[in-house]
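*Asks:* Compute the structure for the input listed below.
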Amino acid sequence: MRIILGSLTAVLIGLALFEVTMQPSGGERLELGIIFMLMATVSGIAAAFLPLLARHSQRLLTTLFALSFVSLVVASLGLLIAANRMFFSSHDLTLVLVVLAFGLVAGVTFAATAARSLTTDLSRMSDTARRVASGQPDARTGVNRADEIGSLARELDELARQLAVAAEERENEDARRREFFAAVSHDLRTPLASMQAATEALSDGVASDPDQYLASLQADITVLHSLVEDLFLLARIQAGDVQLNSQRVDVTELVDETIEIVTPVADRCGVSIVLNADRRVIVDTAPLAVGRVVRNLLDNAVRHAPRGSSVTVHVTDNRGATIVVSDEGSGFDPEFAERAFDSFARSDAARTRESGGAGLGLAIAHDLVGALGGDIWIHPGEGGVVGFSIPAQ
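*Replies:* Have a look, this model is predicted:
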């Protein structure tokens, strides 16, 4: 239908131009209308079959040659009819035919030349696609054109770039997954080995102090329970399965209550905890999530603070609540600070598994703060300084 409408439109436009420029008689209008209809019919038939030829042709040159040949045939048809109608002499008609033959040769030459540039660029694009599919995401087309082929080449290059980024992210994710399972295995293996040794000693009757062995078993069970709970919570946070019920919260009071919970552990480590808050900070947030973040940061600070030192918690109002926990330990190495919020991240010998913890506290704190819409950061250098902020909402 579009071909028919296009042909009729071309005929009407041709007749309108003929009417304006030549002011023909009625007979001339009829005769020229027939010529235009004949040319439009040939063009319409060619337009209907050329797409079919393009789909089945294995060479672009064939399609371009057919397009040039049909265009020349249509123009030649109109020219021959006009020449015959004007009663050209045989000499003049021969001249017209020679000119048409030259036009055919020129059209074929143009098609071949144009096809060479197109096929070269298309070959580059095809080769790039094959290289990317074979595992070379850094392959690029090198095609620089302003037309549709150039646009397609740029899209292909962008696709290859995105695939390269995705491949790198997949490799990094695989590496993190391997490190994760290795860390989980390590943290499970230590208490399990201790529990196995204790149960074997108790079952064989060789335990010198059964109550001490039972206490050791209870401690190992507590460690495993804590590890499993942390892993489960981290998985739920990352899956978006944690309910964060916001309410009006006095953050200063919440931090003070959390300090009271952590104080017994700090006393056993010989560390004191100091709250530094000029005033009460009231925000709308999820108190359970904020309390868990503060407790994780305090646990981390107490664990790595030297005996006899103190841990300080600063609470300030900065269009929301900002909480900074600092200790007097060796602090965070700048290189480690970039990955401190990764699961099972450890810094150096001063912050190993032997000092306690499974390396999930900062990771859980990071994801909880993100779920609250806040920011968390680490200041590397002397003294462990970790802070986070939550919006006022």
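*Asks:* all contacts plus neighbour counts: C-alpha atoms, from now on.
*Replies:* Will do.
*Asks:* residues contacting Thr285?
*Replies:* Asn245, Ser246, Gln247, Arg248, Val249, Leu372, Ile390, Ala392, Gln393 (Cα atoms under 8 Å, 6 or more residues apart in numbering).
*Asks:* What residues are bridge-paired with it?
*Replies:* When bridges are called by DSSP bridges, Thr285 pairs up with Gln247.
*Asks:* Kindly report the same for Pro391.
*Replies:* Under the criterion used (DSSP bridges), Pro391 bridges to Gly320.
*Asks:* so it makes contact with Val290?
*Replies:* No: in this structure Pro391 lies outside contact range of Val290 using Cα atoms under 8 Å: 11.8 Å.
*Asks:* Who has more neighbours out of these two?
*Replies:* Set Pro391 next to Val290 and count neighbours by other Cα atoms under 10 Å: Val290 wins out with 25 against 16.
*Asks:* ok, now how distant is that one from Ala183?
*Replies:* 27 Å (Cα to Cα, to the nearest Å).
*Asks:* Contacts only, for Gly374.
*Replies:* With Cα under 8 Å, 6+ apart, Gly374 has these contacts: Phe388, Ser389, Ile390, Pro391.
*Asks:* again with Ala198
*Replies:* By Cα under 8 Å, 6+ apart, the neighbours of Ala198 are Ala207, Tyr213, Leu214, Ser216, Leu217.
*Asks:* coming back round to it: export the contacts of Gly374 to a markdown table and append columns for distance to Glu168 and pLDDT.
*Replies:* Below are the contacts of Gly374 laid out as a markdown table (distance: Cα to Cα, whole Å; pLDDT from 0 to 100):
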| residue | distance to Glu168 | pLDDT |
| --- | --- | --- |
| Phe388 | 30 | 90 |
| Ser389 | 32 | 90 |
| Ile390 | 33 | 87 |
| Pro391 | 34 | 87 |
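*Asks:* which of those residues are buried?
*Replies:* Phe388, Ser389, Ile390, Pro391 (16 or more other Cα atoms under 10 Å).
*Asks:* what's the nearest residue to the first one once chain neighbours are set aside sitting at in phi/psi?
*Replies:* Counting by Cα to Cα, 6 or more residues apart in numbering, Phe388 lies nearest to Ile376, which is 4.1 Å off, once chain neighbours are set aside. For Ile376, the backbone dihedrals (degrees, to the nearest 10) come out as phi -130, psi 150.
*Asks:* what about stretch 200-217, how long is it end to end?
*Replies:* In stretch 200-217, first residue to last residue: 12 Å (Cα to Cα).
*Asks:* Buried residues of that stretch, list them for me.
*Replies:* Leu202, Tyr213, Ser216, Leu217.
*Asks:* of all the residues you listed, which two lie farthest apart?
*Replies:* The widest separation within these, taken as Cα to Cα, falls between Leu202 and Ser216 and amounts to 11.7 Å.
*Asks:* one step back: just send the contacts of Gly374 back as a markdown table, with distance to Phe341 too.
*Replies:* Conversion of the contacts of Gly374 to a markdown table gives the following (distance: Cα to Cα, whole Å):
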| residue | distance to Phe341 |
| --- | --- |
| Phe388 | 13 |
| Ser389 | 16 |
| Ile390 | 17 |
| Pro391 | 20 |
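*Asks:* from those, which single one is nearest Ala106?
*Replies:* For those, the nearest to Ala106 is Pro391 (72.7 Å; Cα to Cα).
*Asks:* measure the residue nearest to Leu192 when sequence neighbours are not counted to Leu214 for me?
*Replies:* For Leu192, ignoring the flanking residues on the chain, the nearest one in space by Cα to Cα, 6+ apart is Asp220 at 7.5 Å. Using Cα to Cα, Asp220 is found at 10 Å from Leu214.
*Asks:* Tell me the buried residues within the contacts of Thr285.
*Replies:* For the contacts of Thr285, buried by 16+ other Cα under 10 Å: Val249, Leu372, Ile390, Ala392.
*Asks:* Look up how far Ala392 lies from the first one.
*Replies:* Read it as Val249. Val249 is 10 Å from Ala392, by Cα to Cα.
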